[in-house]
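1. Provided below for reference: sequence and predicted model.
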Amino acid sequence: MASTKSAIAAGIALGAGAMALGLISAARPHRDLPPDDAPGRTAKLGRFGQYEVVGHAVTINKPLHELYAFWRDFDNLAAFMENIEKVQPTGETRAIWTIKAPAGQTVDVETEIVADRQDELIAWRSVEGSDIDTEGRVKFRDAGARGTIVEAIVAYKPPAGAVGKWIAKLFQREPNIQGRQELKRLKMLMETGEIAIARPKDKPPEEQH
Amino acid sequence: MRALTWHGAGDVRVETMPDPTILNPRDAIIRVTSTAICGSDLHLYDGVIPTVMPGDILGHEFMGIVEETGPVSTLMKGQRVVVPFVIACGSCYFCQKGQYSACDNSNPVENQEISEKLYGHAMSGLFGYSHMTGGYPGGQAEYVRVPFSDVGPIVIPEGIDDDKVLFLSDILPTGWMAAENAKIEPGDTVAVFGCGPVGLFCVESALVMGAETVIAIDHHPHRLELARNLGAKIIDFTETKVADALMEMTGGIGPDAVIDAVGTEAHGFAPDNILEVVKQKAVQGFDRGHALREAIMTVRKGGRVSIPGVYGGYLDKFPLGAMMEKDLEVRTGQTHVQRYSQDLLQRILDDKLDTTFLISHRLPLEQAADGYKNFHDHQNVWTKVVLKP
C-alpha cells in the first residue's frame, strides 16, 4: 500500500521505518489515486506517528562538495542552528549536541552517523538511552547554475515527564519556522560569509533606544 | 549621534541615538553628508506601512564619507559614496541575475517571516523602511551602518556636488527602471501618472529612452510645471477628464505605455478612492489605487503598464478584466538599484541627466521633522527635501 515515495518520506524516521509505514496506511484515506509527488512533510494529515518531523529544502548558490563538507564537520552546525549551543564531535561518527534549554541550562544528546554518502547524504540518530529520541538527515542535490538543493529533515520523539515537556515546548515553538530559519542562516553563511543582522544581537530592539 | 526617528503617524523626531558599529565583516560605517526625504517615507509618516516601530531611524536616500570598514569591505576610509536603498548581498541567485531587490540574504531571517506570510516570499533588506524589510536603521542620521558595503555603495569621483548624485540612491534608478519596464519604442506616447520625484524622473527617463510624447498627470501646478520644463505635455486632473484627454491626445488609441508613479496613496475624490479610504482606516493593508485603475483603463490595447508606485497590501476593484481583455503587459517591483548605478552615474557625469532641478529645500538634519511636515502638507512647492546632518 505504501508507495516508494511515502516510504522515502517516512523513512527519515530511519529506525522507525516499519512503524511509520504502518501509520501511513492508517492515515491515508482510501482512494484509488496513488499518492501525489509532494514530500510527506507537506501532507495535511501527519504521517509520522509519535514523531515530530520538521523538514525544509533550500537552494544554496555553492557547489555540492563544499556544502557537504561544511555539514559533515558537525562542529560547524551551531553557527546557524540557533537552539544549538555547540556540536562536539567525539569520534569519526559520534557527536554530542548541546541544546539550549530555558533558564540558561542545556541538555546534551549524543548522536551517531548512520549513513554517510559523500556529496549526497548524511544521516544521524541519537544513541541508545538518550533523553531525546531524534534522527536527522540532510541530502544534497546538484541544482546546476542555481547551486545545490539542501534538504534537511529532523524527526524527534520527546520523552515523557518534565524534561520531555520542556523539550517538546522548545521544539514546538513553531518548529517549522525555526527549521526554515536555520537553513536560511546556513544559506546566508555559505553564500555571503555572514549572517544578516540589523542591530547588535545581544539587545532586543527596544533596549537600544 | 543625531537621527530622525519614527514615533507614530505624523510624529517623527530628531533624537540622540547610539552610534552604529561594524557588526559583520562586509559592513562599513558611513558619515552622512546628504540625505533626502522620499515620497515613500510619507507612507511611513502617514502610518500606512505596517511593522515600523517607535524609535526606528528612517531614511533610505543617503550618501556620505566612509568612516570605518569591516575586514571584508572593499571600501576605503575617506571615500565618498552614494548608498543604494536596497541592501543586496551580490552573491545569491537573484543578485547574480541582477535582481538585487529580490536578494535572498540581506533581510535577517526573523524579519523575513513577515513578508513571507504577507507575500509568499521574503523581501530583501532595505534601509530605514519598517521591520518587514529588515529593521535596518536608516540614513536620516549622522552615521549609518551599511551591510554588504562591497556590493552597494557607488564611489563618487572628486569634485561632484552631493546634489548631483544623491538621487542615485533611489528615485533616479526607480524612475529609470519604471521607464525601462514601460518598454518604450520610438514614436511611443507614454502617460505618467503622478509628478512626484519618481514621476518626474520617469518623464525624464522616458524622453531619454526615445518616447515621442510623454504626458504627465498631476494636480500640483508647480510639479506640472517641472514636468513641462522637462518636455512633457501635462494634464491637470482637477481641470480635465484624464481618460477622455488621453484618448483624444493619442488620436483615439490610448497611450502605448502608462506608468503609475503614485502608489498606495492616490489623491482625489473619485468614488473608488473614497471607498478605499474608509477601508484603509478600518483594515490595514488596503491600498487606494485610483491612479493604477485609471492607468489600466486608459492604456491602449496590447500596451504596457509599469508600476513604480509603492503598494503594500491588497487592492480592491482591480480591473483584471481590462488587463486580460486588452492584452496588457504589467511590470512592477522594487528597484534593482545596483543594476543601474554605474550607467546612471556616467550619464550624470556626462551631463546627459540632471536631477538637481527637483530639490526645493535644503535643511539641517535638526529640522527634519519640519521637512516631513512641509513635504507632506505642501507638495506643490516642497518637491524634494535634502537634509544635511
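-> Now that the structure is in, tell me what you want to look at.

2. all contacts plus neighbour counts: C-alpha atoms, from now on.
-> Noted.

3. show me where chain A has helices.
-> Ranges of helices within chain A are A:4-10, A:17-27, A:64-72, A:161-172, A:175-192, based on DSSP state H.

4. What are the buried residues along the longest one?
-> Yep, that's helix A:175-192 we're talking about. A:175, A:178-192 (16 or more other Cα atoms under 10 Å in any protein chain shown).

5. just these that are near chain B?
-> A:Q181, A:K184, A:R185, A:K187, A:M188, A:E191, A:T192 (Cα under 8 Å from any Cα of the partner chain).

6. Would you check how far apart the fourth one and A:F80 are?
-> Look at A:K187 and A:F80: by Cα to Cα, to the nearest Å, they are 9 Å apart.

7. Tell me which residues of the strand ranked longest in chain A come out buried.
-> Criterion DSSP state E: the longest strand present in chain A is strand A:106-117. Buried positions in strand A:106-117, judged by neighbour count with 16+ other Cα under 10 Å: A:V107, A:D108, A:V109, A:E110, A:T111, A:E112, A:I113, A:V114.

8. Pull the contacting residues for B:T5.
-> B:V12, B:R13, B:V14, B:E15, B:P54, B:G55, B:D56, B:I57, B:L58 (Cα atoms under 8 Å, 6 or more residues apart in numbering or on different chains).

9. Tell me how chain A divides into domains.
-> Domains of chain A are assigned by automatic domain parsing as A:1-41, A:50-194.

10. Of those, give the one that comes closest to B:V165.
-> Among the domains of chain A, domain A:50-194 comes nearest to B:V165, with 28.4 Å by Cα to Cα.

11. Skip the chain neighbours and tell me the closest residue to the most centrally placed residue in chain A.
-> In chain A, the centroid-proximal residue (Cα atoms, centre = their mean) is A:V154; its distance is 3.2 Å. Among residues not flanking A:V154 along the chain, A:G136 sits closest, at 4.1 Å (Cα to Cα, 6 or more residues apart in numbering or on different chains).

12. Look up how far chain B lies from the one you found.
-> Separation of A:G136 from chain B (Cα to the nearest Cα, to the nearest Å): 22 Å.

13. Tell me, how many residues neighbour that residue?
-> Here the number of neighbours of A:G136 (other Cα atoms under 10 Å in any protein chain shown) works out to 23.

14. and what of B:P319?
-> Other residues close to B:P319 by other Cα under 10 Å number 13.

15. can you check the one 3 residues further on too?
-> The number of residues packed near B:A322 is 16, by other Cα under 10 Å.

16. Provide a list of residue ranges in the chain with pLDDT below threshold.
-> No chain was given, so I picked chain A. Scanning chain A for pLDDT under 70 picks out A:1-31, A:46-48, A:158-175, A:202-209.

17. Can you look at chain B instead?
-> For chain B (pLDDT under 70), the answer is B:264-288.

18. Break it into its domains for me.
-> B:2-170+B:335-388, B:175-332.

19. can you put these in TSV and add distance to A:D73?
-> Compiled in TSV, the domains of chain B are given as follows (distance: least, Cα to Cα, whole Å):
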stretch	distance to A:D73
domain B:2-170+B:335-388	23
domain B:175-332	42
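
20. Around chain B, which positions in chain A sit nearby?
-> A:60-61, A:146, A:181, A:184-185, A:187-188, A:191-192, A:194-200, A:206, A:208-209.

21. Shouldn't B:G312 be within a helix?
-> No - according to DSSP: H, G, I helix; E, B strand; the rest coil, B:G312 belongs to no helix; its state is coil.

22. Might one say that it is in contact with B:I49?
-> Yes - shown here, B:G312 and B:I49 form a contact pair, counting by Cα atoms under 8 Å, at 6.8 Å.

23. Which one's more surrounded, the two?
-> B:I49 (21 against 18).

24. and the more buried one, how far is that from B:G251?
-> 40 Å.

25. can you check A:R72 too?
-> From A:R72 to B:G251 the distance is 69 Å (Cα to Cα).

26. what about A:D119, how many neighbours?
-> As a measure of burial, A:D119 has 18 neighbours, counting by other Cα under 10 Å.

27. same question but for B:G90, I mixed them up
-> 24.

28. does it count as helix, strand or coil?
-> Taking three-state DSSP, the label given to B:G90 is coil.

29. which residues touch it?
-> B:Q96, B:Y100, B:C103, B:V151.

30. now swap in B:A191 and tell me
-> Contacts of B:A191 (Cα under 8 Å, 6+ apart): B:V214, B:I215, B:A216, B:I217, B:P255, B:A257, B:V258, B:I259.

31. ok, these vs chain A, which is closest?
-> Chain A lies nearest to B:I259 out of the contacts of B:A191, by Cα to the nearest Cα, at 33.0 Å.

32. Dihedrals phi and psi, that closest one?
-> phi -120, psi 120 (degrees, to the nearest 10).

33. just B:L344 next, same as before
-> phi -70, psi -40.

34. OK, contacts around it?
-> B:L168, B:P173, B:L353.

35. tell me which parts of the stretch 101-250 of chain B are close to chain A?
-> So far as Cα under 8 Å from any Cα goes, the stretch 101-250 of chain B lies against chain A at B:N105, B:S106, B:N107, B:P108, B:V109, B:E110, B:G134, B:G135, B:Y136, B:P137.

36. Could you save the residues you listed as CSV and add columns showing secondary structure, distance to B:H290 and neighbour count?
-> Below are these laid out as CSV (DSSP: H, G, I helix; E, B strand; the rest coil; distance: Cα to Cα, whole Å; neighbours: other Cα atoms under 10 Å in any protein chain shown):
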residue, secondary structure, distance to B:H290, neighbour count
B:N105, coil, 35, 30
B:S106, coil, 33, 30
B:N107, coil, 31, 29
B:P108, coil, 34, 27
B:V109, helix, 35, 24
B:E110, helix, 34, 15
B:G134, coil, 30, 27
B:G135, coil, 30, 26
B:Y136, strand, 31, 29
B:P137, coil, 32, 28
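
37. on that earlier part again, for the contacts of B:T5, which one is nearest chain A?
-> Nearest member of these to chain A, counting by Cα to the nearest Cα, is B:G55, at 6.7 Å.

38. Is the closest one in contact with B:D11, as I believe?
-> No - using Cα under 8 Å as the test, B:G55 is too far from B:D11 to be in contact (10.7 Å).

39. Which stretches in the stretch 101-250 of chain B count as strands?
-> Assigned by DSSP state E, counting those that start in this stretch, the stretch 101-250 of chain B shows strands spanning B:125-126, B:143-146, B:154-155, B:189-193, B:213-218, B:233-236.

40. export the longest one as CSV, just CAs?
-> What follows is strand B:213-218 as a C-alpha-only set of coordinates in CSV (Å, rounded to 0.1, in the frame of the first residue of the first chain):
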residue,chain,number,x,y,z
THR,B,213,5.4,62.2,-26.4
VAL,B,214,5.2,62.0,-22.6
ILE,B,215,2.0,63.1,-20.9
ALA,B,216,2.4,63.9,-17.2
ILE,B,217,-0.7,63.9,-14.9
ASP,B,218,-0.9,65.6,-11.5
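
41. B:F193 bridge partners, please.
-> Assessed by DSSP bridges, B:F193 has beta-bridge partners B:I217, B:D260.

42. Can you tell me how far it is from B:T240?
-> From B:F193 to B:T240 the distance is 14 Å (Cα to Cα).

43. So if I had to pick from the two, which one is more boxed in?
-> Using other Cα under 10 Å as the criterion, B:F193 and B:T240 rank with B:F193 on top: 30 against 12.
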